[in-house]
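In: Any chance you could fold what I've pasted below:
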Amino acid sequence: MSDQSALREEFRDWLSEHQRGEFARYSTEPVVGTRLVPPEVSIAWEHELATGRWVGITIPQEFGGRGLSIDAELAFFEEYARSRAM
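Out: Model prediction:
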């Protein structure tokens, strides 16, 4: 399994555990930009992503990131868009 495939699988697994309740409710909108996510829900989701270390994944590990490549970041964003996560 390639590094990108492993990252994609890790993120899908993480999403299946964390994209629930209010987070899942706003992920079912059919078109990006049409949903009105309450700010507190959006902030909570960003915090959830950060706690899972999915924010700034190209930032070096010594600064709190994962130190991954741009290719890995693109793979993450593809999975994020595919999942329709908030």
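In: Relative to residue 23, how far out is residue 40?
Out: Remark: distance between residue 40 and residue 23 (C-beta to C-beta, to the nearest Å) = 12 Å. Every C-beta, even on glycine, is put in place using the N, C-alpha and C of the backbone.
In: who's more crowded, those two?
Out: Neighbour totals were compared for residue 40 and residue 23, and residue 23 leads with 19 against 9 (other C-beta atoms under 10 Å).
In: Within the helices and strands, which one has that one?
Out: Assigned by DSSP states H and E, residue 23 falls within helix 22-25.
In: Pull out the buried residues from whichever helix or strand comes after that helix.
Out: Next along the chain after helix 22-25, taking DSSP H and E as the criterion, comes helix 39-51. Residues of helix 39-51 classed as buried: 45, 48, 49 (neighbour count, 16 or more other C-beta atoms under 10 Å).
In: go on, stretch 4-20?
Out: 4, 7, 8, 11, 14, 15, 18, 19.
In: List of residues touching it?
Out: With C-beta atoms under 8 Å, 6 or more residues apart in numbering as the test, stretch 4-20 has contacts from 1, 27, 48, 52, 54, 68, 71-72, 75-76, 78-80, 83, 85-86.
In: what about 6 Å?
Out: For stretch 4-20, the surrounding residues in contact (C-beta atoms under 6 Å, 6 or more residues apart in numbering) are 48, 52, 72, 75, 79, 83, 85.
In: Buried subset of those residues as a ChimeraX selection?
Out: The buried residues among the contacts of stretch 4-20 can be selected in ChimeraX (16+ other C-beta under 10 Å) with this line:
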select :48,72,75,79,85
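In: Which of the contacts of stretch 4-20 sits closest to residue 59?
Out: Nearest to residue 59 among the contacts of stretch 4-20 is residue 72, at 12.0 Å by C-beta to C-beta.
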